[in-house]
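Student: only geometry, no sequence info:
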């Protein structure tokens, strides 16, 4: 952390998500409990924050993050290809791909996950995918590749979102080792 840097560790991610007071938020995956808490805390008491966790470890991580952050958080353990939420339940869906959730899924599971994300969004709702920025230099030699070689890199995220019907898909930014992508239902 630099001497002149002010603010919290996750300020960039919160800003890129565009989450605001009163939003109904669904996060798919939880690789970083403090990131989840930072984003989910912005919905306030007038909003709703939910997490769809694929494993028991993610579920525990999400619950602990919610407790540490002092936020009301609904945590559901469910396979990523099926989301147990009603249609048009959320204003914003965040996909936490920092741990490789989307990029390591089989193509069929990824399609199911993004189709369910689309289904749970309200019309004009937004999806934001947060993933690790590609490493450069020698670090790129040690990077683990995705299960589906067609998904690798920024174009894979954008292509996957467009294929499931998201509009205005774009790469928002790359900062602090993360890449941010957005699409509109």
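Tutor: Yep, it's here. Model, not experiment: these values are computed from the prediction.

Student: lowest average confidence, helix or strand, in the chain?
Tutor: When the helices and strands of the chain are scored by mean pLDDT, DSSP states H and E, helix 154-163 comes last with a mean of 87.

Student: how far off centre is it?
Tutor: Taking the mean C-alpha point of helix 154-163 and that of its whole chain, the gap between them comes to 14 Å (CA atoms, centre = their mean, to the nearest Å).

Student: which strands or helices does it pack on?
Tutor: With contacts defined as 3 or more CB pairs under 8 Å, 6 or more residues apart in numbering; DSSP states H and E, helix 154-163 has these neighbours: helix 107-120, strand 121-132, strand 167-175, strand 178-184. Placement of C-beta: from N, CA and C, glycine included.

Student: what is the helix or strand hosting residue 62 packed up against?
Tutor: Of the helices and strands defined by DSSP states H and E, residue 62 is found in helix 56-69. Counting contacts by 3+ CB pairs under 8 Å, 6+ apart, the secondary-structure elements packed against helix 56-69 are helix 33-40, strand 48-53, strand 74-77.

Student: among these, show me which one is buried the most.
Tutor: Mean neighbour count (mean count of other CB atoms under 10 Å) peaks for strand 48-53 among those, with a mean of 25.

Student: avg pLDDT for that one?
Tutor: Per-region confidence: strand 48-53 scores 96 on mean pLDDT.

Student: what is the burial count for residue 169?
Tutor: Applying other CB atoms under 10 Å, we find 19 residues neighbouring residue 169.

Student: OK, contacts around it?
Tutor: 158, 161-162, 181-183 (CB atoms under 8 Å, 6 or more residues apart in numbering).

Student: for those residues, which one is nearest residue 20?
Tutor: The closest of the contacts of residue 169 to residue 20 turns out to be residue 182 (CB to CB; 14.7 Å).

Student: just to revisit the earlier point, ok, which of the helices and strands packed on helix 154-163 comes nearest residue 96?
Tutor: In terms of CB to CB, the element of these nearest to residue 96 is strand 121-132, at 5.9 Å.

Student: which secondary structure elements does the closest one sit against?
Tutor: Under the contact criterion of 3+ CB pairs under 8 Å, 6+ apart, strand 121-132 touches helix 11-17, strand 90-97, helix 107-120, helix 154-163, strand 178-184.

Student: out of the ones you listed, which is the most enclosed?
Tutor: strand 90-97 (a mean of 25).

Student: the least confident helix or strand of the chain vs strand 167-175, what angle?
Tutor: Following axes from the mean of the first three to the mean of the last three CA atoms, to 10 degrees, one obtains 150 degrees for the angle between helix 154-163 and strand 167-175.

Student: can I get the helices and strands packed on helix 154-163 in JSON lines including mean pLDDT?
Tutor: Supplementary listing: those in JSON lines, determined by pLDDT from 0 to 100:
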{"stretch": "helix 107-120", "mean pLDDT": "93"}
{"stretch": "strand 121-132", "mean pLDDT": "95"}
{"stretch": "strand 167-175", "mean pLDDT": "93"}
{"stretch": "strand 178-184", "mean pLDDT": "94"}
